[in-house]
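[1] predicted model and sequence below, questions to follow.
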Amino acid sequence: MLMRIIAVGHKMPAWVTLGFQDYAKRIGSGFQLQLCEITLEKRTKGSDIARLIERESEKIIAAIKPNHVVVALDRQGKLRSTEQLAHQLQNWQTEGRSIDWIIGGPDGLSPTCLQKAHVQWSLSPLTLPHPLVRVILAEQLYRAISILQHHPYHRF
């Protein structure tokens, strides 16, 4: 099963890159995690933020693969437990689906981008920095897959 994280932002701090790569490497057989970075639009004091978000979202939409399930990560999305994530991944894998997870920039995703998503999920009601979200998502995907593979990583 191919899972892609489409995230706004590039040239991340080393800890973000290393964190993502570590979890992507750990993901077990039958699953593959890739990162597709979208260039952040330059923000200045007088920038039209809504227009910048729309441009970033256009790039995200262009990067989405046809026939992939699209999951938008948004603070207003539905909260899920790791066990629910594992169950959903198992269902998508059984259906032969691939997934594109989308993460907006510092100002979020446009309404157009959110409408393109099949599902909107929230990692937390807290506002998280977008570089950190890609690491948290990679870890949660690894954790959910470890549940499916009966690996001892996930414990309470």
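    All right, it came through fine.

[2] could you measure the residue sitting furthest away from the middle of the chain against Lys59, distance?
    No residue in the chain sits farther from the centre than Gly46, which is 29.3 Å out by Cα atoms, centre = their mean. Using Cβ to Cβ, to the nearest Å, we find Gly46 at a distance of 22 Å from Lys59. Heads up, the C-betas are built off the backbone N, CA and C, glycines and all.

[3] before we move on, what about Leu33?
    Where Lys59 is concerned, Leu33 sits at a distance of 20 Å (Cβ to Cβ).

[4] looking at those two, which one has more neighbours?
    Neighbour count, other Cβ atoms under 10 Å: between Leu33 and Lys59, Leu33 has more, with 23 against 16.

[5] Tyr142 versus the more buried one, what's the distance?
    8 Å.

[6] now do Leu132
    Separation of Leu132 from Tyr142 (Cβ to Cβ): 16 Å.

[7] looking at those two, which one has more neighbours?
    Tyr142 (22 against 14).

[8] mind listing what the more buried one touches?
    Tyr142 sits next to 23, 26-27, 153 when contact means Cβ atoms under 8 Å, 6 or more residues apart in numbering.
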